[in-house]
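A.B. asks: here you go, sequence then predicted model.
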Amino acid sequence: MKLRHNAEQDPEINLTSLIDVVFLLLIFFMVSTTFERQAALKIDLPEASAEAEPSQDTRKLELIIDREGHMYVNDQALVDSKPATIEAALTEATQGKHDIPIILRADADTPHHFVVTAMDVAGQLGFTRLSIATERPSEQD
């Protein structure tokens, strides 16, 4: 009896499923990765419980927002809280110098969008030194 000897064949590897798994891993890592966002405006967020350091810079600008959203620049009331008004007031108060630190004092009950609008206008004008003022929490017995 004569048996046929099959010629040796190269094994075939199906890469389709391997490629599918690699693409699924790639998509998983792309979706689950958090990307760091660099802000153009550097914000100093002071700790409320820390002692305040005395400031060496005498030039500063205070932007105050009360609970109704009325804004004041260095104790001068603004006509309204529109971005154009804030921009004009900041430009006039600083005379175009963007290295002056801005201290943002907002009432605890101020609607959030007023604070965001003020910060956005300061960032668009090129201010890089913005501090948000806080109060030390009162100790309750």
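C.D. replies: Perfect, I can see it now.

A.B. asks: I'd like the next helix or strand past the helix or strand of the chain with the lowest mean pLDDT.
C.D. replies: Sorting the helices and strands of the chain by mean pLDDT, DSSP states H and E puts strand 43-44 at the bottom, at a mean of 46. Next helix or strand after strand 43-44 toward the C-terminus (DSSP states H and E): strand 61-65.

A.B. asks: tell me the strands beside that following strand, with direction?
C.D. replies: Its sheet considered, strand 61-65 pairs with strand 71-73 (antiparallel), strand 102-106 (parallel) by DSSP bridges.

A.B. asks: mind putting those strands in JSON lines, mean pLDDT and distance to residue 122 included?
C.D. replies: Quick note: C-beta positions are derived from backbone N, CA and C, even for glycine. Below are those laid out as JSON lines (pLDDT from 0 to 100; distance: least, C-beta to C-beta, whole Å):
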{"stretch": "strand 71-73", "mean pLDDT": "87", "distance to residue 122": "11"}
{"stretch": "strand 102-106", "mean pLDDT": "87", "distance to residue 122": "6"}
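
A.B. asks: now the lengthiest helix in the chain, how far from the centre of its chain.
C.D. replies: Ranked by residue count under DSSP state H, the longest helix found in the chain is helix 16-32. Offset of helix 16-32 from its chain centre (C-alpha atoms, centre = their mean, to the nearest Å): 31 Å.

A.B. asks: same check, this time on stretch 111-125
C.D. replies: With C-alpha atoms, centre = their mean, you get 11 Å for stretch 111-125.

A.B. asks: mean confidence score for it?
C.D. replies: Mean pLDDT, stretch 111-125: 87.
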